[in-house]
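Visitor: Pasted the sequence and its predicted model underneath.
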Amino acid sequence: MAKNNNQVTEISKHDEGSGAMFKPADMRVLAIDANVVCLKYLVAILQKCQYRVTSTTLAAEALKILRENKNDYHVVITDVKRLDMDGFKLLEIIGLEMDLPVIMVSAEDSRSSIMKGIRHGARDYLLKPVRIQEMQNIWQHVLRKRLSDSSDKSSSFIEEMIEQESVPSIEPEEEVTRAKEKEIIGSANGDTCSVKKPRVTWSSELHVKFVDCVKKLEASGERVQPKRIREMMNVEGLSRENIASHLQVS
DNA sequence: ATTGCAATAT
DNA sequence: GATATTGCAA
């Protein structure tokens, strides 16, 4: 209260061509994630960007905070999963009721999931683990200016998707590429927070290899254990559990 | 410590 | 529907 909205317009001076060098230190961010470890990680990154950060694991508390401090936040960053209320509903409420830009973060990289977030009002959708550079650019969402291009390509494809309303088919290359960036920021954390492991696809090729190894083990009179099958197959990223699981259904 | 198996989750 | 994860008995 007693404060005027509109404190961020000062930033829009000289940024032709170089953009993204801005880190409005005064931007106030509310971070939400039901998982404390993830939240901690998120907050650490936001603080590195020098934003003022408030955080909570509860959607209910987030709403309370926002309602009690009407104009004190510029942007909300949230993961919608496992929250104490429907995360997408939360997105809508914040977007409509408080008219704040909401940025979604998630480990879910499927197109449908991204679209769902956008449909429910998310201004952007960042994949976990979020990198500092991505966070340094979020102030763009606070200023409503539409910049068709600025230094980073990573968030612009989202805008393209919005503009085209619905895209029947785009090569899934972009997501795959992004999903593969499993690098973790070099400091202020050491956790393996929510990096989504790709699920194994049992292609016929892989299955043949599997059957093949099983045969060999049987032939050599050895006990057919997942552990041994795994060793024999020697496929990167294939865990003992993967094989045990496959063994059950095949 | 590892496995098989069933139930359950994603 | 496919694969993952979990819990439990062996």
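Guide: All right, it came through fine. Residues are numbered from 1 along each chain as shown, chains lettered A, B, ... in the order given.
Visitor: continuing past the least confident helix or strand in chain A by mean pLDDT, what's the next helix or strand?
Guide: Lowest mean confidence among the helices and strands of chain A (mean pLDDT, DSSP states H and E): helix A:173-180, at a mean of 39. Downstream of helix A:173-180, the first helix or strand assigned by DSSP states H and E is helix A:204-219.
Visitor: Contacts made by that next one with the rest, please.
Guide: A:200, A:202, A:223-224, A:228-229, A:232-233, A:235, A:243, A:246, A:250 (Cβ atoms under 8 Å, 6 or more residues apart in numbering). Bear in mind the C-beta positions are built from the backbone N, C-alpha and C, glycine included.
Visitor: ok, 6 Å please
Guide: A:224, A:228-229, A:232-233 (Cβ atoms under 6 Å, 6 or more residues apart in numbering).
Visitor: so which of those residues is the most crowded?
Guide: Tallying neighbours with other Cβ atoms under 10 Å puts residue A:229 at the head of these, with 21 neighbours.
Visitor: Can you say which helix or strand has that residue in it?
Guide: Assigned by DSSP H and E, residue A:229 falls in helix A:226-233.
Visitor: One more: residue A:63?
Guide: helix A:59-68.
Visitor: For that helix, output the C-alpha coordinates as CSV.
Guide: This file holds the C-alpha atoms of helix A:59-68, laid out as CSV (Å, rounded to 0.1, in the frame of the first residue of the first chain):
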residue,chain,number,x,y,z
ALA,A,59,0.0,-22.6,-3.1
ALA,A,60,-2.4,-21.5,-0.5
GLU,A,61,0.3,-19.5,1.2
ALA,A,62,1.4,-18.0,-2.1
LEU,A,63,-2.1,-16.7,-2.7
LYS,A,64,-2.2,-15.3,0.8
ILE,A,65,1.1,-13.5,0.3
LEU,A,66,0.0,-12.1,-3.0
ARG,A,67,-3.4,-10.9,-1.7
GLU,A,68,-1.9,-9.3,1.3
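Visitor: Now do the helices in chain A.
Guide: With helices called from DSSP state H, chain A shows them at A:36-48, A:59-68, A:87-97, A:111-119, A:132-136, A:139-142, A:156-163, A:173-180, A:204-219, A:226-233, A:240-249.
Visitor: So what touches the fifth one?
Guide: Counting by Cβ under 6 Å, 6+ apart, helix A:132-136 makes contact with A:23, A:45, A:48-49, A:126, all of which sit outside it.
Visitor: Report the two of these separated the most.
Guide: Taking every pair in the contacts of helix A:132-136 and measuring Cβ to Cβ, the maximum separation is 16.7 Å, between A:23 and A:126.
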